[in-house]
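Visitor: quick check, what structure comes out for this input:
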Amino acid sequence: MKLVITGPAIPNLPWQPKPAGNPDTVWRYDANPVIGRRPLPRVTGIYNSAVVAFEGKFIGVFRTEGMDRVPHLHVGRSPDGLKWTFEPKPIEFKCDDPEVSRHEYAYDPRVTLVDGIYYITWCNGYHGPTIGIAKTTDFVNFEQIENAFLPYNRNGVLFPRKVNGKYLMLSRPSDTGHTPFGDIFVSESPDMVYWGKHRHIMGRGWPWFQGTKIGAGPSPIETNEGWLLFYHGVTGTCNGFVYSMSAMLLDLENPSKVIASANQALLCPEAPYELAGFVPGVCFPVGCLCDSATGRIAIYYGAADTVSALCFCEAQEVIQFIKDNPLKR
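Guide: This is a model prediction of the structure:
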């Protein structure tokens, strides 16, 4: 079956061909990290951030941390997806309800275009971590709407279109700490305010690379084979958690149904910038660009909770990898 991808063509997608002799399905940008740890004065880390194509260039919402280690969200812009400049001040979300707009912290944003509106979802501090939501059309004005869920929750990831007339969001219910557990669920909403019909998608466990917890990464990519979802799998070791990246396919009209998932990681922490930083041993995929014309994919991921890195793959090869190496459920 010829792969068909629903989504925009991105002819200027940042891209680097696979090196000769590289056997991997996913390969790293050879000039990583694409964003270093000091992109702004007194910012000591920028990672786990979302990027989208916008008006022929690229724009994103980025997690930054300063000397106080409190995470905030900043807008970043790039002509090519490789060289970035950042707004010096955090995003100021507009909201008429002071209970919603009260700010404790914000981290791990995703950006998803749905029906002409860019929605930002992030881990929002509201008596513990929950999923904040805001919307914009210009990345200048941001309107914050209701938090999606009760605390505690992380990794809120929207689908790029409604399914059966409803918005869909992936999430990972969690706790107040560093969450030594976690499964992926999907929830639906008629209006992006009231969320319900929560359904379990996939749980942590076997194999070991995702034995501790799993969580959705970038927004799913719609293909005629199903929704292609990259996600992080976490294992526990004697030196702490290790975060790797893998992928699964979800049913187009019933995304709580897993068509197939890979039985191993596509990207494990190996490079120096993934092994050295504030949290060594982390590859955390968050942003994804897919050129529907070629099937090329560029994935932005947080490395060692310190810098932002970039890796590449092709949608057809990833889907074939999932089929050839299926997790037996």
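
Visitor: all contacts plus neighbour counts: C-alpha atoms, from now on.
Guide: OK.

Visitor: I'd say Asp115 and Phe159 touch.
Guide: No. Here Asp115 lies out of contact with Phe159, judged by C-alpha atoms under 8 Å, at a distance of 11.1 Å.

Visitor: the two: who's more crowded?
Guide: Neighbours per residue (other C-alpha atoms under 10 Å) separate Asp115 from Phe159, with Phe159 holding more: 21 against 9.

Visitor: show the contacting residues for the more buried one.
Guide: 112, 114, 167-170, 219-220 (C-alpha atoms under 8 Å, 6 or more residues apart in numbering).

Visitor: go again using 10 Å as the cut-off
Guide: 112-114, 167-170, 186, 218-222, 227, 255 (C-alpha atoms under 10 Å, 6 or more residues apart in numbering).

Visitor: same thing with Asn141?
Guide: 91-94, 134-135.

Visitor: in helices only, show me those residues.
Guide: Among the contacts of Asn141, no member is found in helices (DSSP state H).

Visitor: which one of those residues is nearest to Val43?
Guide: Ile91 (15.1 Å; C-alpha to C-alpha).

Visitor: neighbours of the nearest residue to Asp251 once chain neighbours are set aside, how many?
Guide: Among residues not flanking Asp251 along the chain, Gly226 sits closest, at 5.2 Å (C-alpha to C-alpha, 6 or more residues apart in numbering). Using other C-alpha under 10 Å, the number of residues around Gly226 comes to 22.

Visitor: contacts for the lowest-mean-pLDDT helix or strand in the chain, please.
Guide: The weakest-scoring helix or strand in the chain, judged by mean pLDDT, DSSP states H and E, is helix 98-101 (a mean of 94). Helix 98-101 is contacted from outside by 92-95, 126, 132, 143-147, using C-alpha under 10 Å, 6+ apart.

Visitor: partner strands of the helix or strand just after it, parallel or antiparallel?
Guide: Note on helix 98-101: by DSSP states H and E, the next helix or strand toward the C-terminus is strand 106-114. As defined by DSSP bridges, the strand partners of strand 106-114 come to strand 117-125 (antiparallel).

Visitor: thinking again about what came up before, please pick the buried ones from the contacts of Phe159.
Guide: Buried subset of the contacts of Phe159 (neighbour count, 16 or more other C-alpha atoms under 10 Å): 112-113, 167-170, 186, 218-222, 227, 255.

Visitor: closest one of those residues to Arg296?
Guide: Ile221 (11.7 Å).

Visitor: checking the nearest residue to that closest one once chain neighbours are set aside next. Helix, strand or coil?
Guide: Distance criterion C-alpha to C-alpha, 6+ apart; nearest residue to Ile221, sequence neighbours excluded, is Leu228 at 5.0 Å. Put simply, Leu228 is strand when judged by DSSP: H, G, I helix; E, B strand; the rest coil.

Visitor: ok, now which ones touch Leu228?
Guide: 5, 218-222, 247-252, 260-261, 315, 318-319, 322.

Visitor: before we move on, what about Gly76?
Guide: 49-51, 58-62, 83-88, 139.

Visitor: what's the answer for Asp138, then?
Guide: By C-alpha under 10 Å, 6+ apart, the contact set of Asp138 is 54-55, 117-118.

Visitor: and the strands in the stretch 51-200 of the chain?
Guide: For the stretch 51-200 of the chain, the strands defined by DSSP state E, counting those that start in this stretch cover 57-66, 71-78, 85-86, 93-94, 106-114, 117-125, 129-136, 142-145, 153-158, 167-173, 184-189, 196-202.

Visitor: can I get stretch 74-81 as CSV, trimmed to CA atoms?
Guide: Taking C-alpha atoms only, stretch 74-81 is exported to CSV below (Å, rounded to 0.1, in the frame of the first residue of the first chain):
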residue,chain,number,x,y,z
HIS,A,74,8.9,31.4,25.3
VAL,A,75,8.2,31.9,21.6
GLY,A,76,11.0,31.1,19.3
ARG,A,77,11.4,31.8,15.5
SER,A,78,13.5,30.4,12.8
PRO,A,79,13.9,30.8,9.0
ASP,A,80,15.1,27.2,8.5
GLY,A,81,14.2,25.2,11.7
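
Visitor: so where's the chain uncertain?
Guide: By pLDDT under 70, the chain contains no weakly predicted segment.
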